[in-house]
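Peer 1: Sequence first, then the predicted structure:
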Amino acid sequence: MNNLLIVESPGKLKTLRSILGQGWNVQPSVGHITELAQDGDDSLGFELGETTVTCRYIPRGDRGKEVIQKLRAAAKNAKEIYLATDPDREGEAIAWHIAQQLNLTNPKRVVYTQITEQAVKAALEKPTILDADLIDAQRCRQCLDKLVGYRVSPLLWNSTGGKSAGRVQSATLHLVCQREREIQAFTPQDYWSVWVDYQEGFRAFYKGQSAEAMQAKASAKATKSAADDADEAHDDAKDEVKAPESTRVLSLEEAERLVATAKGHSHQVLKAEGKLTTKAPPPPLITSSLQQSAGSQLGFNPEKTMSVAQSLYEGVELAHGPKGLITYMRTDSVELSPEFIEQARAYLEQKDPKNLPAARTKHKTKESAQAAHEAIRPTDVFLTPKSVQSYLTPDQYGLYALIWRRAVASQAAPAKLVKSVILTQSGTALWEARGMMVEFPGYTFYWNNLDKASQLPLVQKEQTLQVAEAGHDQKQTQPPSRYTEAKLVQLMEKRGIGRPSTYASTLKTLKERQYLDLKGKVLHPTALGLGTDDVLSEVLPDIVSSDFTAAMEGKLDAIADGKQGWEHYLIEWNRSYLQPALEKARLAIKEKFPNKLYRSSANDQNLAKSRTRCPQCAQMLSKVPTKKVSKGYFLKCVGDCQDVVMFWSERDKAWQQPKAKPATSGANLTPHPCPACQKPMEIYQYVKEGQEKQLLRCSDPQARADKKHADAVYFQSKGKWWSPKHGEIKEPPPEEPRTDADSGPPL
């Protein structure tokens with residue numbers, strides 16, 4: 001009998017089987033195998049009692065059923081069973097669900113953060129037990145997210161037409177919408193940057209008046225505009241390094257006067273100094289900074305970044321077999337293992353001894369970090385990007401090089417910089433030049449994050465300088481920048497919205513819901529996104545608040561640390577906050593939108609409501625009665641979703657959507673008119689329970705979204721087309737053959 005090792009991703013199998021060899025059976029769960037049922041109140045799949053939460057888990061679709069069957073079969077023939085799902089809360093919960101489905105009373109939990117022979121075998125030698133606190137935190141997150149999504153989303157169906165709300169997605173959407181409103185409200189202001197070029201070889205910028213002049217003109221003291229303050233407040237959202245400029249001059253007349261002053265007066269050095277400073281190396285990459293760096297340097301979106309990182313983590317086929325090249329990529333901790341720090345120092349000592357600091361470099365992890373495992377780093381620092389390039393795809397190579405360079409840079413010596421300042425005076429005007437010289441590059445040899453600056457010449461105090469040219473540049477204040485996907489992830493992390501495993505999926509959901517559009521490299525909220533945020537901001541302001549969402553994340557962290565009971569927290573949060581807030585929100589919605597009905601109720605068509613939600617918009621599906629199916633009715637979405645119908649599967653004992661067949665070439669139009677708009681109907685082919693089927697629907701996709709098309713669908717039965725509302729279609733008599741005259745006269 002073999003030992004059974006159960007992992008999440010099939011991509012890990014080859015690497016792990018190579019490491020473990022004979023005597024091991026490695027099987028994947030392919031992520032989650034179960035999910036909360038779609039039943040009970042609001043289809044939540046769980047009930048909130050007085051002191052306990054009762055959850056009902058079901059297999060996650062057909063794939064979940066198949067995986068469970070395979071794992072049960074493998075478990076019957078296993079000597080020992082080890083659960084090696086991913087090393088985070090979600091992975092812990094997946095392992096718990098596997099143990100439940102396999103009836104494991106004392107499962108052996110295996111945790112490793114890199115798929116290397118040493119790490120995997122060391123973990124197998126010392127298996128642990130499942131962490132109940134981590135499981136509780138993940139179960140609470142799942143229930144919390146469903147509670148918010150399923151009970152807040154109907155407010156949007158009643159108002160904006162939005163498809164969903166969410167604990168993390170709505171707060172993230174609010175950040176983008178806030179920025180858009182700031183941009184729309186922004187009023188640009190003209191200003192001038194005044195400068196002087198010296199024959200000694202540098203440019204200085206106007207920096208105000210001398211102390212005597214300032215005292216004489218106190219009332220004319222320059223102040224920053226509101227736009228300047230806005231720029232500073234949003235500096236975290238800017239990628240570019242700002243070009244140097246002068247103190248802002250707010251009129252052309254003043255700019256020309258300063259240029260005349262510069263040309264008409266001698267210039268003398270008031271101060272010339274250089275200061276040796278050091279710049280500490282940056283910390284190694286975490287999930288958010290990896291997505292940020294990959295976005296700015298490689299052009300990857302967060303989803304692609306995590307996909308490529310996953311492949312590097314799971315293993316790459318090298319000359320001596322498959323090997324995981326990086327540690328686990330979902331982390332918010334910048335800590336590194338002592339073993340890697342020693343390995344990195346050994347690499348520097350061999351390859352770059354001048355860059356080896358005297359002592360280990362430590363980086364401080366923020367207090368809110370889960371710190372379940374270390375930062376993202378190469379599993380072997382001696383596997384340089386160049387040495388493995390031939391084994392990697394271009395995307396893998398680019399991302400691995402980023403991770404490798406940043407990890408090595410984090411342990412390298414600080415950079416030594418000489419920052420210089422020259423202050424001059426002409427008349428009462430002061431002029432300043434700033435420069436920088438790199439005396440020792442240090443870590444920047446691997447990761448250059450220095451601002452661009454020029455080297456200034458050596459000048460002496462009281463030295464007279466010769467003016468080569470003076471002038472001014474007209475500029476305009478700029479609105480705050482829209483977010484790139486990577487910048488938004490960075491802001492989510494900074495505000496405490498979500499956790500590393502949720503960043504990429506949240507952005508994907510916002511785009512799929514058509515709340516955000518990616519135009520070029522920046523995110524724009526759609527009209528639907530802005531409208532949705534407007535409504536939620538008015539009727540449920542806490543749901544879109546970063547502080548509120550971050551506080552909830554803090555409670556989940558407390559549960560994971562064993563400091564808070566998850567059932568008590570969830571029950572109390574629902575009782576004391578969500579239920580009262582929803583009641584107020586519903587009243588506000590009715591007052592603001594008095595003429596709109598909840599589309600989920602299907603009152604406009606007098607159809608009974610089911611307990612099953614639409615897979616697209618999550619509103620309740622309606623029961624359409626018919627004698628043509630054994631159940632006596634099928635389910636249909638009467639909202640804005642196009643042709644969402646579900647049929648009962650006796651084989652799987654579940655409601656399922658028809659599976660669409662690939663589109664065939666040529667038109668499938670029929671002579672039958674649509675009963676709602678009289679346009680031709682088309683034949684739509686699909687597969688249900690392994691059988692090919694057909695239905696008739698309106699050929700106009702936009703028209704199909706109209707509510708009056710809710711019943712404009714005909715199903716095929718015994719060679720005829722039928723509809724629960726419109727009955728059978730009477731076939732028209734065959735058309736007469738067309739003659740040449742029917743085609744019109746020849747040209």
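Peer 2: In hand now; what should we look at?
Peer 1: which SS class is Leu523?
Peer 2: Assigned with DSSP: H, G, I helix; E, B strand; the rest coil, Leu523 falls in the strand class.
Peer 1: Hmm, it is touching Val489, no?
Peer 2: No. Leu523 lies out of contact with Val489 (CB atoms under 8 Å); the separation is 10.9 Å. C-beta here means a position set from N, CA and C on the backbone, and glycine is covered the same way.
Peer 1: Give me the below-cutoff pLDDT ranges for the protein.
Peer 2: By pLDDT under 70, the low-scoring segments of the chain are 158, 211-242, 367-372, 594-606, 627-628, 639-643, 659-667, 686-692, 718, 731-747.
Peer 1: about what we covered before: please identify which of Leu523 and Val489 sits among more neighbours.
Peer 2: Val489 (29 against 25; other CB atoms under 10 Å).
Peer 1: Please look at the more buried one and Phe300 and confirm they touch.
Peer 2: No. Applying CB under 8 Å as the test, Val489 and Phe300 come out as separate, 11.6 Å apart.
Peer 1: out of everything not next to it in sequence, what's closest to the most centrally placed residue in the chain?
Peer 2: For the chain, the residue nearest the mean C-alpha position is Ala504 (2.7 Å; CA atoms, centre = their mean). Spatially, and ignoring its direct neighbours in sequence, Ala504 is nearest to Pro302 (4.1 Å; CB to CB, 6 or more residues apart in numbering).
Peer 1: Identify each of the strands in the stretch 301-450 of the chain and give its residue range.
Peer 2: Using DSSP state E, counting those that start in this stretch, the strands of the stretch 301-450 of the chain run over 316-318, 321-323, 415-426, 429-440.
Peer 1: looking at the ones you listed, which is closest to Ser293?
Peer 2: Nearest of the strands of the stretch 301-450 of the chain to Ser293, taken as CB to CB: strand 415-426 at 18.3 Å.
Peer 1: Point out the other helices and strands that the closest one packs with.
Peer 2: With contacts taken as 3 or more CB pairs under 8 Å, 6 or more residues apart in numbering; DSSP states H and E, strand 415-426 sits against strand 202-209, strand 267-279, strand 429-440.
Peer 1: Let me know the angle separating it from strand 202-209.
Peer 2: With axes from the mean of the first three to the mean of the last three CA atoms, to 10 degrees defining the directions, strand 415-426 sits at 60 degrees from strand 202-209.
Peer 1: Keeping just the C-alphas, turn strand 415-426 into PDB.
Peer 2: Extracted as PDB, the C-alpha positions of strand 415-426 are listed here (Å, rounded to 0.1, in the frame of the first residue of the first chain):
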ATOM      1  CA  ALA A 415      23.600  52.400  -1.200                       C
ATOM      2  CA  LYS A 416      25.800  55.400  -0.400                       C
ATOM      3  CA  LEU A 417      24.700  58.600  -2.000                       C
ATOM      4  CA  VAL A 418      26.100  62.200  -1.900                       C
ATOM      5  CA  LYS A 419      23.200  64.600  -2.100                       C
ATOM      6  CA  SER A 420      24.100  68.100  -2.900                       C
ATOM      7  CA  VAL A 421      22.300  71.500  -2.700                       C
ATOM      8  CA  ILE A 422      23.400  74.800  -4.300                       C
ATOM      9  CA  LEU A 423      21.500  77.900  -3.200                       C
ATOM     10  CA  THR A 424      22.100  81.200  -5.100                       C
ATOM     11  CA  GLN A 425      20.700  84.700  -5.000                       C
ATOM     12  CA  SER A 426      20.100  87.400  -7.600                       C
END
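Peer 1: What angle do strand 267-279 and that strand make with each other?
Peer 2: Using the same axes, to 10 degrees, strand 415-426 lies at 160 degrees relative to strand 267-279.
Peer 1: orientation of strand 415-426 relative to strand 429-440 in degrees?
Peer 2: Computed by the same axes, to 10 degrees, the angle separating strand 415-426 from strand 429-440 equals 160 degrees.
Peer 1: List the buried residues in strand 415-426.
Peer 2: By neighbour count on 16 or more other CB atoms under 10 Å, the buried set for strand 415-426 is Ala415, Leu417, Ser420, Ile422, Leu423, Thr424, Gln425, Ser426.
Peer 1: How about stretch 468-480?
Peer 2: Applying a neighbour-count criterion of 16+ other CB under 10 Å, the buried positions in stretch 468-480 are Ala470, His472, Lys475, Thr477, Pro479, Pro480.
Peer 1: Just the helices from the stretch 151-300 of the chain, written as ranges.
Peer 2: For the stretch 151-300 of the chain, helices defined by DSSP state H, counting those that start in this stretch occupy the ranges 169-185, 211-216, 226-233, 252-264, 287-293.
Peer 1: what's near enough to touch the closest residue to His32 other than its chain neighbours?
Peer 2: Take His32 and drop its neighbours on the chain: the residue closest to it by CB to CB, 6+ apart is Arg60, 5.3 Å away. Neighbouring residues of Arg60 by CB atoms under 8 Å, 6 or more residues apart in numbering: His32, Ile33, Thr34, Glu35.
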